[in-house]
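Student: 3D, please:
(4 chains)
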Protein chains: 2
Amino acid sequence: MTDKKQGKIRIQSQEKILLAAQDEFITNGYKGATVQSIADLAGLPKANVLYYFKNKENIYHAVLEQTLDMWDQGIGDIEYKDGPKIAIEKFVSSKVLMSFNHPKSSKIYAMEIIQGAQHLKEFTRTYLRKWVREKSKIFQQWIDEDRMLNVDPINLIFLIWSSTQHYADFDNQILTVMNRADYEEEDIEHVTQFLTQFILRGLEIK
Amino acid sequence: MTDKKQGKIRIQSQEKILLAAQDEFITNGYKGATVQSIADLAGLPKANVLYYFKNKENIYHAVLEQTLDMWDQGIGDIEYKDGPKIAIEKFVSSKVLMSFNHPKSSKIYAMEIIQGAQHLKEFTRTYLRKWVREKSKIFQQWIDEDRMLNVDPINLIFLIWSSTQHYADFDNQILTVMNRADYEEEDIEHVTQFLTQFILRGLEIK
DNA sequence: CACATTCCTGACCAATAGAACAATAAATGA
DNA sequence: TCATTTATTGTTCTATTGGTCAGGAATGTG
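Tutor: Predicted coordinates for the structure are as follows:
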């Protein structure tokens, strides 16, 4: 993750830089982002940014790492012992929460995948593939036990991912369409309820 | 759309350029894309590309226009007279079809929105907002007539958009997770069935 | 206090960017 | 046929890019 001994100034500056970099990479993509622009957003001279991170690629890697940490840390796990109802309620609500609370991480991730997952090939091929396989198995068990309808678990996972992340990645569109300036606190609860209920019905779980 | 009288050479070259540009904009974003790279992909000298499109911005606008045309042309409309079952079957299947047949358009659009909809503010504020309002009204009618469950029509639309577009925007991730090289013809039917049935159940439409 | 180490930054550089331009080559049409 | 428009491209210009570097400031340590 992070390395070496860390002074407090070092950490502060690095955090400022990473926040700035996240914004810059979202709005301009990896190639379009400029170190100068990141430096400006962070309120530091460019040379200082390059002092903390050797080069642009390094900054991006740090941002991505942050993003992946968020992913598997904030994600409510799907556990067999919970049973399908509780498991889905947990999973959907934690995904929705993450979309509303950390939309930027979601966006960085989405852009990376859309653009061909150049820097995340390894992550998807190993970690993510394994995760999907494991969770699919759990869903299949519940199906075999007649605790939920027989649907393809993989497509189910995709549906949950997409419908929840949509509120982060497409927040601009959603807010514009709804003629609103920002999300409100109650939107989180509203969306969670809507998606949870909808998905439970789709699986005929009572 | 396009302007002025058109020679056939002009049209051919423009199409080559737009195809190349689409790829370049997807992998590198607007700012990261270079005219040189577009020219190389199209097999033309840079100066020739700039002869057909005055500048980079113009190329991007043409690509976006193409994308929007695709959007409202390929979209199966939601019509009251169809009733909720047929309407949703039509709409979902046309959206899925578009995701599988024109993933690049979907990606261009997705990136534009994620990055802040800089070039699409007008489209979302006018066209899209109106579309959502109209279709919401139709859903609400069906709800009032007890032909489907009482869910928030707007969130329903978002769910359909997100779950269908996911197969285009995140095709890399999906294929990697499923350990496959490409989508097959039968995937389209499979996904369409899955999503249609799932959504109909979610709305308690028989 | 002296020294070493870490931190910070202005100045600089080669490479690449978008775009204008000028000079041709084709095509067209009267 | 020949003049006029259209198509094509090598060259050139200026701005910006990622990244280096030398040297100074700050901080710590004995």
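Student: wait, does the helix or strand harbouring A:I174 contact chain B?
Tutor: Using DSSP states H and E, A:I174 sits within helix A:171-177. Yes - on the criterion Cβ under 8 Å from any Cβ of the partner chain, helix A:171-177 is in touch with chain B at A:N172, A:Q173, A:I174, A:T176, A:V177. Any C-beta I mention is one placed from the backbone N, CA and C, and that applies to glycine too.
Student: okay, that helix in PDB with CA atoms only?
Tutor: This file holds the C-alpha atoms of helix A:171-177, laid out as PDB (Å, rounded to 0.1, in the frame of the first residue of the first chain):
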ATOM      1  CA  ASP A 171     -25.100  11.200 -10.900                       C
ATOM      2  CA  ASN A 172     -24.900  14.100 -13.400                       C
ATOM      3  CA  GLN A 173     -27.500  12.700 -15.600                       C
ATOM      4  CA  ILE A 174     -29.800  11.600 -12.800                       C
ATOM      5  CA  LEU A 175     -29.700  14.900 -11.100                       C
ATOM      6  CA  THR A 176     -30.300  16.800 -14.400                       C
ATOM      7  CA  VAL A 177     -33.200  14.600 -15.400                       C
END
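Student: after it, which helix or strand is next?
Tutor: Per DSSP H and E, the first helix or strand lying C-terminal to helix A:171-177 is helix A:185-202.
Student: buried residues, that next one. List them.
Tutor: A:D187, A:I188, A:V191, A:T192, A:F194, A:L195, A:T196, A:F198, A:I199, A:L200, A:R201, A:G202 (16 or more other Cβ atoms under 10 Å in any protein chain shown).
Student: tell me the backbone dihedrals of A:Q12, please.
Tutor: Taking degrees, to the nearest 10, you get phi -60, psi -50 for the backbone angles of A:Q12.
Student: against A:L41, how distant is the residue of chain A found nearest DNA strand C?
Tutor: In chain A, the residue that lies nearest DNA strand C is A:A47 (3.2 Å; Cβ to the nearest atom of the strand). As for A:A47, its distance to A:L41 is 16 Å (criterion: Cβ to Cβ, to the nearest Å).
Student: who has more neighbours, those two?
Tutor: A:L41 (17 against 9; other Cβ atoms under 10 Å in any protein chain shown).
Student: just read off the phi/psi values of the closest residue to A:K16 other than its chain neighbours.
Tutor: Spatial nearest neighbour of A:K16, chain neighbours left out: A:A42 (4.5 Å); criterion: Cβ to Cβ, 6 or more residues apart in numbering or on different chains. Main-chain torsions, A:A42, degrees, to the nearest 10: phi -80, psi -10.
Student: tell me the contacts of A:A42?
Tutor: By Cβ atoms under 8 Å, 6 or more residues apart in numbering or on different chains, A:A42 lies in contact with A:S13, A:K16, A:I17, A:L19, A:A20, A:A21, A:V49.
Student: same check, this time on A:H166
Tutor: Counted by Cβ under 8 Å, 6+ apart, A:H166 has contacts A:S99, A:I174, B:F158, B:L159, B:W161, B:S162.
Student: quick check, pLDDT for the second one.
Tutor: What the model reports for A:I174 is a pLDDT of 98.
Student: just give me the neighbour total for it.
Tutor: The local packing of A:I174 (other Cβ under 10 Å) involves 23 other residues.
Student: ok, it touching B:L159?
Tutor: No - with contact defined as Cβ atoms under 8 Å, A:I174 does not reach B:L159; the gap is 11.7 Å.
Student: separation between A:E189 and DNA strand D?
Tutor: Between A:E189 and DNA strand D the computed distance is 41 Å (Cβ to the nearest atom of the strand, to the nearest Å).
Student: how close does that residue sit to B:D169?
Tutor: For A:E189, the distance to B:D169 (Cβ to Cβ) stands at 27 Å.
Student: how about residues contacting the helix holding A:I174?
Tutor: A:103, A:166-167, A:181-183, B:113-114, B:116-117, B:121, B:124-125, B:128-129, B:132, B:154, B:158.
Student: over to stretch A:122-130?
Tutor: By Cβ under 8 Å, 6+ apart, stretch A:122-130 touches A:L68, A:D72, A:I113, A:A117, B:N172, B:Q173, B:T176, B:V177, B:N179.
Student: dump these to a markdown table, plus distance to DNA strand C and neighbour count.
Tutor: Listed next are those as a markdown table, based on distance: Cβ to the nearest atom of the strand, whole Å; neighbours: other Cβ atoms under 10 Å in any protein chain shown:
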| residue | distance to DNA strand C | neighbour count |
| --- | --- | --- |
| A:L68 | 26 | 16 |
| A:D72 | 30 | 11 |
| A:I113 | 24 | 21 |
| A:A117 | 22 | 18 |
| B:N172 | 24 | 20 |
| B:Q173 | 28 | 24 |
| B:T176 | 28 | 21 |
| B:V177 | 33 | 21 |
| B:N179 | 35 | 9 |
